[in-house]
Structure formats: structure tokens, C-alpha cells
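1. Sequence and computational prediction follow.
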Amino acid sequence: MRYNWNWSVLFADPYFGWILSGLGWTFLVSICAWIIGLTLGSVIGTMRTLPSKTARTVAAIYVEVFRNVPLLVQIFLFYFVLPELLPREIGRWLKRDLPHPEFTMAVISLGLYTACRVAEQLRAGIVTAGKGQANAGLATGLTTAQVYRLILLPLAYRLTIPALTNEFLNVFKNSSLALTIGVLELTARTRAVADYTSQSIEAFAAASLIYATISFSISGLMRLVEKRARLPGTLAAGSR
Amino acid sequence: MNKNMIIRGALLGLMLACAGSGAVAQELYGTLKKIKDSGTIIIGHNEDSPPFASFDAAGKPQGYSIDICNKIAEAVKAELKMDNLTVKFQAVNGQTRTPLLINGTVDLVCATTTNTFSRQKQLDFLNTMFVTGNRLLVKKDSGIKEIEDLKGKVVSANQGTTNEKVLNELNQKLNLGIKVLSTKDQPQAWAALESDRTDAHMTDAVVEYGLIAKAKNPALYMVTGRLLSFDPYAIVIRRDDSAFRSLGNKVLADLYRSGEWEKIYTKWMSTIGQPLDADLKLLMSMQNYPD
């Protein structure tokens, strides 16, 4: 009962190339999904605090739906079920002619899921920024849009940087689910190396190390951003 | 002279005694020792590879590979003279197989594992228990006959399998420009083919017959093309354990010799409409080494 350690397998051809290309896809999926998540999440989060009841309801429904269905199920629904529900021609286009269907669908579903989480973070940020700020803004003659653009959102983003960093890290980890629809990202490639070579422990150790490195780098980077973005006299700075 | 003979005689006696006692209580090692000490043999198996290894209605592992492993468990029981040997089952897959085998969680793996030299660096295999190879699973009306017909089409193969490796290699060698979809498992590959997302699925022929047998409308599908690889399936065991390996191989040889293997074959392969062909029978009979 002994394990033949062979770390060199990770650097052997073609396995090293697989891991690198897997890492590339992991970054691509995560960053594209994050762009969707942050943009759409900001819109939905803002809608949840608007005076309009319709806007609030629509946003609340969005959040509830995407938050309560497991991400794995969402990916499956988008990839396998959606094309069958659409008209035949569009469904066929989604399955066949869409460039990189697996990648695109993974990015969209991960992006939409992340959006609902970003929305909640941002809503919390806007609420924390306070009614007082908003009322003061309105009293000086600003429109609601201006209050959001000039006062509430800049404050809310600053306040939620730690929470958003956490979401950004989650996107990287969640991106591994893209392998279930055939995106050969880092985890998928690691599994392949493990199966081809039977050196499972080395392969998964390498993957863990890579994911951990990504996480540490991002949190380090975001701490710098947080420092630079801090406003003197606001809640975040005041609490220190 | 006399004295010398006495010494020689004594030495000879000593040697015989040693040899004799050695034969009576042969030192157990490796897997057999572990089984003897724990009173349990743990069979690792696939969950979703009928007719080789899957679950029956009661949730018990069943299939061609499982039948053979049960025979091995019986032989271990007889060899170790342990009437109360417990047989346990533990599900594994391509990624967990190696660590679970090496850390002793399972003692052998009964699945559809192809014996390859890369895997032999870490694991050991019993003699071949089945032979199949890659062919193409297509819809009958697709007009696809051979791999060359797949130019520019979308073909799936499961992630991390030898099938995926063969597909990628042929794609490059024959310059086919195939778009490869790396599916997670057989049900997903089937869903992709059924919904026209892919034009063909590449996997072991015997698995393809199994998939067709389970289809809603089996008449729509077929297995086509020449054999694109040679995949000998074998039971996986730990390396450097020749006592356990030879016990396992003897079980296989006895099955091939006695004709019992044909019964196991027919029992499981008839469920996917695959009669035993002469080639396979010959291949197996080549492994019934004498006792």
C-alpha cells in the first residue's frame, strides 16, 4: 500500500498544457460572468431601493428566483432545457450556431446568478448609506437619478467592497461548475489528468494551490482598492 | 567423514523443517493480509455503467463486473478460510479510484476501466475481463458511417476518458475539424445527441449498445464505423501485490475454462442485445492458464 509520488507528471507534456489552458478558461469564464454579475446586479440592487413599487417588485422577484435555485440546476436549465422551450429555429441556433455554446451558456448562467447576489450586497450598501443622505440630496434640488449617481451609489460601492470581493472570489470557485456542460476549465482539466495518469493526489493538489493563489491575490488586491477608495468621515472609515 | 555426514544430515533436516513450516504458514501480505486482519473485503464499483456495474431495484450493486468481483470475494473467503468474511461495496469513479485504492478504502475496483500503461505506473490490473473499443453512436438518418464522415461536425466524448483521448488524436491526425463537446457522463452525452446538439457520441461500443437499449426509441440510433481503439477492461488492484493478483487471475481463468464466464456474459450482454462472438470467446480462452 504505497503511493508512487510523481510530481513531474504535472509538468509533463501534454498535462502541463492542459492545466494552463484550464486556468485560462477559468479566468475567462469568471471575468466574463463577473462583468455581467456586477452590471446587472447593480441595476437590480438599485431597483430594489427605488421609490417605484413596480421596479422594486420586479427586482425582488429576480433576486428570489435566482437565489433559490441551485446554480448547478440553473446551468443545466439554461444549457439543456431552454433551447427545447424556444421555437425550433432559435433552439437550434443556440445549440449549433452560437459561438462556443458551452462557454457562452456557462457565462450567462453564472453571470445571472452572481447578479442576484451582487444586487443584495448593493441594496444593503444603499440602505446603509442612509435615507438621511438621500433626503439631504433631494432637499438641495437633486433629482432621484442624481441622488443615486452622485451620492448613494458612490457611497454604497465603497461600503460594499469587502462583500463584493467575496462575491468575486465566489465567481472563481463557482466557475468550476461550468465543467458540467463541457467547458474544459481548471477543475475539468485536473480531473482528466487524474484519470489519465492515476496521479490524482498531485493533480488535485496542484488545482487547490492554483485556486488558493487566485483567492489570495484577489483579496490582497481588493484590500488595496478598499484603502484607496475609503472616504474620510464615512461609516467605513469611521469604524476603524 | 562420519561427523561431516551428521552435520550435513542435520543441515538438510533443518532446511526441510524451514521449508516445511514455510509452506504450512505462508506469510500473508498486502491485500490478503489486510482482508484477513479486518475480516472485510471492500469492492469499489461504478454506479452508472450498466451492464457492467450499476444498481438493481433494491439499491444493490449489480452487473457483469460485479459478478466477477463477487467470485473473487468467494475465492478470497476460501483461501483465507474465513466463513464470516464481510463483503462491502463502495462507489468510486475515475478520479477517486486511485486514492481510495491506495489508502485502503477499497481493495479492488470493478468498473469499466481500460488497462493502460500510464495507469500501470500507479495501479495494477488483473487479466482482461472484457474487450471493446471506440465506435460511433449516431442517429440512423444522419448518414454517418465512418469517422471520416464527421468532418466539421460536433462530436461528444466524456471528460477524462480514453475515448476523449482517442477522439482528439484522430481529429488531429485525420484533420477532420471536429468540434469536440466534452460531456460529463453518459446520460449527458445521450441528452446532447438526442436533442441534436451533437452529431455523434464516441465511447466504447459496448456502452453504446447499452445506451441504445435504454433509449425511448432505440430504432432511431445505431453503432457505426470501424473499431477505432482497443480497450481491454480489467479489474483494478493495488500495485506490487502478486499474491492477490494471482488469486484474482486464477478466478478469471477458472471462469473462462469452466464456461461459467459465458453464462455471466450472456446474462448481462443479452440485456443490450449483444450475443457472444467467436473473437471475444477466443481472446478470453487464451487467458485460462493451467492451475
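-> On my side now, so go ahead.

2. how about low-confidence regions in chain A?
-> Scanning chain A for pLDDT under 70 picks out A:1, A:233-240.

3. Could you list the contact residues of it toward chain B?
-> Contact residues, chain A versus chain B (C-beta under 8 Å from any C-beta of the partner chain): A:1-4, A:6, A:80, A:83-84, A:92, A:95-96, A:101-102, A:179-182, A:184, A:188, A:191-192, A:194-201, A:204. The way it works is simple: take the backbone N, C-alpha and C, and place the C-beta from them, glycine included.

4. Try it again at 7 Å.
-> Along chain A, the residues adjacent to chain B under the rule C-beta under 7 Å from any C-beta of the partner chain are A:1, A:3-4, A:80, A:84, A:95, A:102, A:179-180, A:182, A:184, A:188, A:191-192, A:194-201.

5. Nearest residue to the middle of chain A?
-> What sits nearest the mean C-alpha location of chain A, by C-alpha atoms, centre = their mean, is A:Val171, with 3.5 Å.

6. That one sits in which helix or strand?
-> Using DSSP states H and E, A:Val171 maps to helix A:161-174.

7. can you give me the strands for chain B?
-> Along chain B, counting by DSSP state E, strands occupy B:40-45, B:48-49, B:53-55, B:61-62, B:86-91, B:108-110, B:124-132, B:134-139, B:154-158, B:179-183, B:200-204, B:221-224, B:231-237.

8. strands paired with the first one, and their directions?
-> Sheet partners assigned to strand B:40-45 using DSSP bridges are listed as strand B:86-91 (parallel), strand B:108-110 (parallel).

9. Mind listing what's buried along the top helix by length along chain A?
-> For chain A, the helix with the greatest residue count under DSSP state H is helix A:15-47. By 16 or more other C-beta atoms under 10 Å in any protein chain shown, the buried positions in helix A:15-47 come out as A:15, A:18-19, A:22-23, A:25-26, A:28-30, A:32-34, A:36-38, A:40-47.

10. Show me what stretch A:40-56 is in contact with.
-> A:58-60, A:62-63, A:114-116, A:118-120, A:122-123, A:126-127, A:144, A:148 (C-beta atoms under 7 Å, 6 or more residues apart in numbering or on different chains).

11. Mind checking which of those residues are in helices?
-> Taking DSSP H, the ones among the contacts of stretch A:40-56 that sit in helices are A:58-60, A:62-63, A:114-116, A:118-120, A:122-123, A:126-127, A:144.

12. if we can go back for a sec, which among the contacts of stretch A:40-56 end up buried?
-> In terms of neighbour count (16+ other C-beta under 10 Å), the buried residues within the contacts of stretch A:40-56 are A:59, A:62-63, A:114-116, A:118-120, A:122-123, A:126, A:148.

13. out of those residues, what pair is the most spread apart?
-> For the buried ones among the contacts of stretch A:40-56, the maximum inter-member distance is 21.5 Å, found between A:Thr114 and A:Tyr148 (C-beta to C-beta).

14. burial count for A:Ala55?
-> 16 (other C-beta atoms under 10 Å in any protein chain shown).

15. how near is it to A:Arg48?
-> Look at A:Ala55 and A:Arg48: by C-beta to C-beta, to the nearest Å, they are 8 Å apart.

16. correct me, but A:Thr160 touches A:Gly125?
-> Yes. Shown here, A:Thr160 and A:Gly125 form a contact pair, counting by C-beta atoms under 7 Å, at 4.0 Å.

17. other SSEs contacting the helix or strand containing A:Arg191?
-> Using DSSP H and E, A:Arg191 falls within helix A:186-197. Where contact means 3 or more C-beta pairs under 7 Å, 6 or more residues apart in numbering or on different chains; DSSP states H and E, helix A:186-197 is packed against helix A:15-47, helix A:200-229.

18. hmm, who's touching that helix?
-> Residues contacting helix A:186-197 (C-beta under 7 Å, 6+ apart): A:9, A:15, A:18-19, A:21-23, A:26, A:176, A:179, A:200, A:203-204, A:206-207, A:210, B:94-95, B:118, B:159-160, B:165, B:182.
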